[in-house]
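> Got a sequence here, can you model it:
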Amino acid sequence: MKPTPFTVADYLLTRLKQLNVTDVFQIPGDYCKHFTQALEHFDGVKAIGAINELDAGYAADAYGRTRGLAAISLQYGVSTFSALNAVAGAYVERSPIVVITATPGGDDRQITKMYNVLYHHSTGNLSADQEVYAHVTVASEILSTSAGAPERIDRLLVAAISHRRPVYIACYEEVWGEPCPRPSHKPLEPVIPVSDPLALANAVTQAWTQISAAKSPLILAGVELLRFGLAGLLEEIIKASGFLYTTTSLGKTVLDEKGDKFIGTYSDAASIPAVIEAVTKSDCIVALGTIITDDYLILVESKYASMVRASTEEIRAGYFIYQEVTMRDFMEALLKKFRENKSYPLHVVAPAQPTWPDPWAANSDPHWNGQPDVLTYNRFFQHTMKFLEDNRMFDEVVFTLGVSSSLYVATNAYGLKQNSFISSAAWQCIGFETGAASGAQLGSGKRAWAIAGDGGFMMMGQSLSTLARNHLNAVVFVMSNGVYAIEQVYVNLQSFEPGPEHTFDTFDILPKWDYMALAKAYGAAGFRAQTIDELRAVLATLKDLKNQPALVEIVIPEKDLAGQMKRLGEEG
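As a prediction, this is how the structure comes out:
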């Protein structure tokens, strides 16, 4: 029997396996058949069949956030274009994904030249995929031959793990199946840039001038610290400085949420009062690894001059910006300063965390005070988080959230474990959470709990089928109020007032879905809760659910307005 040749596809899969990618999310297609066939029979890397491209893309994004790298195999054109939104979110939020596809091959291209044939899934420009993806990747390759493929694949993967952002690779259709040398047994490693010594010294000197003069300094930690493996360095800086710290919404759970230095997550007006007060009174915010979005415009406008910021984008102290200085080097130099200075660590303690049932009870819509059993956004979190805490389940759960009212309510939570809060807080994609659940669970080895608005779930409900197909016991909670509530908050806040004269705009009203029938159709267990007692009963049942996803409809009033969202709406 003739031995099966080692191919270009095998080379890429071997390198992915060496980088701990053991699952590849996949949409099949004829152009990429050589890759998908290799994947199907490759030992140690499993093909995860997704139900559509966004499902596959969101899953890969979440997998990359929890595992350090992800891969997605897509058909040319129709699939890659459909997945573009998900890959863009991964680009913005620093999640490395290898986008794998195949284009019309050498013979096809000759036929196009000779007869002007338009091949299926093509715009006519056979480089269109790569040109579009250039805006949301840090490197791309199109391989027209197996010659030089190992070196080009290695460069691509090194770019992904160095920048923690997506990359794109396409082969001519036949090339994935062409023979290729085997890679070395040594896994690829990221390139770690080195700072210019003088620029680094200048940056730290200016930053230290501002930090040492501050009376109420505060660390604002961001998601880049997780992505680049710098969370441990953050912990050392907190210990050496004695500073209190908060996180952005996207950076929530950069560390375990414990200890006397964590004040809670800062999500602008949606934050709990003690967090808002600490940020407001700080005279020097040390922002480390943060992606500053327009959710933080008030912070930037009021604190810019006194802010010290180190990220992959810039090193800045006040209005001084320093080139050729890396975040890692800056943080290490800052840590050394704190350790050498006898004025530190400061002996300050974070404000006491809210005592249950707060912060939820204080933020629940007062319109429902006369109906204490009715579920609201905050009552859902009040009892769900208490259940997880009482059953010591925070170690077992990873949360996924897209942009919805629930995202801002959820940022008030304390006690979560490191890298257990995955959100689309910067790209702000409605529906991300449901598609991300499979990738979060496969990547982390923890059980995914997705919390979706019903509008977002309607975009991605088919992802339940992917969960069921792969026997994942993820839970998808749908906050069912029949409206795009988060959109209406910014359109007209008065719509939430009682009375028929206050109505929602037509474009924010959703169709009615039978969620229990939908759960059955997709192979999930279906549950419905409209009262607190019903929610408690469902949570108890979910605890022991195995090998099957659950869809839980949480029925809340159409006009429930979480206090967190009310404050954001009034601010906007």
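> Point out where the stretch 1-150 of the chain drops to low pLDDT.
For the stretch 1-150 of the chain, residues meeting the criterion pLDDT under 70 lie at 1-3, 106.
> Y11: what's it in contact with?
149-150, 153, 180-183 (CB atoms under 8 Å, 6 or more residues apart in numbering). In short, each C-beta sits where N, CA and C put it, glycine included.
> Can you lay out the residues you listed as CSV showing neighbour count and distance to T22?
Shown next, in CSV, are the contacts of Y11 (neighbours: other CB atoms under 10 Å; distance: CB to CB, whole Å):
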residue, neighbour count, distance to T22
A149, 23, 22
P150, 18, 21
I153, 24, 18
C180, 22, 21
P181, 11, 23
R182, 10, 19
P183, 18, 17
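> pretty sure V204 contacts A333?
Yes: between V204 and A333 there is a contact at 4.5 Å, judged by CB atoms under 8 Å.
> For those two, indicate the residue with more neighbours.
V204 (26 against 19; other CB atoms under 10 Å).
> in the helix or strand containing the more buried one, what counts as buried?
Assigned by DSSP states H and E, V204 belongs to helix 197-213. Within helix 197-213, the residues scored as buried using 16 or more other CB atoms under 10 Å are 199-200, 202-204, 206-208, 210-211.
> Check the residues you listed and tell me the two furthest apart.
A199 and I211 (18.2 Å; CB to CB).
> Tell me where the model's unsure across this protein.
Using pLDDT under 70, the chain drops low at 1-3, 106.
> if I pick L188, what's in contact with it?
With the criterion set at CB under 8 Å, 6+ apart, L188 makes contact with 15, 18-19, 154, 157-158, 161.
> Mind doing that once more with 6 Å?
154, 157-158 (CB atoms under 6 Å, 6 or more residues apart in numbering).
> Among those residues, name the ones in strands.
With DSSP state E as the criterion, strands contain none of the contacts of L188.
> Nearest to W356, out of those residues: which one, please.
Lowest distance from W356 to the contacts of L188 (CB to CB) belongs to L157, with 45.9 Å.
> Can you give me the distance of that closest one to P5?
Per CB to CB, to the nearest Å, L157 is found 22 Å from P5.
> Those two: which has the busier surroundings?
The neighbour comparison of L157 against P5 (other CB under 10 Å) goes to L157, with 26 against 10.
> pull the CA atoms of whichever strand or helix holds C171 into CSV?
Under the criterion of DSSP H and E, C171 resides in strand 167-172. Below are the C-alpha coordinates for strand 167-172, written out as CSV (Å, rounded to 0.1, in the frame of the first residue of the first chain):
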residue,chain,number,x,y,z
VAL,A,167,-4.3,36.3,9.9
TYR,A,168,-5.5,35.0,6.5
ILE,A,169,-4.2,32.1,4.4
ALA,A,170,-5.6,30.8,1.1
CYS,A,171,-4.2,28.2,-1.3
TYR,A,172,-4.9,27.6,-4.9
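> partners of that strand, with directions?
Here strand 167-172 is paired, per DSSP bridges, with strand 97-103 (parallel), strand 140-143 (parallel).
> Pick the most buried one from these.
strand 97-103 (a mean of 28; mean count of other CB atoms under 10 Å).
> care to break this structure down by domain?
8-177, 197-340, 360-566 (automatic domain parsing).
> end to end, how far does the first one reach?
Domain 8-177 has an end-to-end distance of 6 Å (CA to CA, to the nearest Å).
> could you dump the contacts of L188 to a markdown table with distance to K281?
Shown next, in a markdown table, are these (distance: CB to CB, whole Å):
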| residue | distance to K281 |
| --- | --- |
| D154 | 50 |
| L157 | 46 |
| V158 | 44 |
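> hang on, the earlier thing: and which of the buried residues of helix 197-213 is nearest L288?
Each of the buried residues of helix 197-213 was scored against L288 by CB to CB, and A207 proved nearest at 11.0 Å.
> wait, that closest one sits on V308?
Yes: counting by CB atoms under 6 Å, A207 touches V308, with 4.5 Å between them.
> quick one: common contacting residues for these two?
The contact lists of A207 and V308 share A317, where a contact means CB under 6 Å, 6+ apart.
> What is the distance between stretch 140-156 and the centre of its chain?
29 Å (CA atoms, centre = their mean, to the nearest Å).
> Contacts for it next, please.
So stretch 140-156 is contacted by 8, 11-12, 130, 139, 167-172, 175, 178, 180-181, 188 (CB under 6 Å, 6+ apart).
> Which one (most neighbours) among those?
The contacts of stretch 140-156, ranked by neighbours (other CB under 10 Å): first place L12, 31 neighbours.
> Quick check: next helix or strand after the helix or strand that one falls within?
Assessed by DSSP H and E, L12 sits inside helix 8-18. As assigned by DSSP H and E, the chain's next helix or strand after helix 8-18 is strand 23-26.
> would you say I219 is within a helix?
No: under DSSP: H, G, I helix; E, B strand; the rest coil, I219 falls outside any helix and is assigned strand.
> returning to what we had before: and the domains of the chain: which comes nearest P351?
Nearest to P351 among the domains of the chain is domain 197-340; the distance by CB to CB comes to 4.0 Å.
> And the closest one, end to end?
Domain 197-340: ends 19 Å apart by CA to CA.
> quick one: I486 and S404 touch, right?
Yes: using CB under 6 Å, I486 is in contact with S404, at 5.4 Å.
> And these two? Which one has more around it.
S404 (30 against 23).
> What's the local residue count around the nearest residue to that one once chain neighbours are set aside?
Nearest residue to S404, sequence neighbours excluded (CB to CB, 6 or more residues apart in numbering): G453, at 3.5 Å. G453 has 28 neighbours, counted by other CB under 10 Å.
> gap between G453 and Q371?
Taken as CB to CB, the span from G453 to Q371 is 22 Å.
> give the contact list for G456.
So G456 contacts 402, 404, 430-431 (CB under 6 Å, 6+ apart).
> what's the answer for E277, then?
Per CB under 6 Å, 6+ apart, neighbours of E277: none.
> Just say helix, strand or coil for M479.
M479 is classified as strand under three-state DSSP.
> does it really touch G453, like I thought?
Yes: counting by CB under 6 Å, M479 touches G453, with 5.5 Å between them.
> Perfect, I'm done here.
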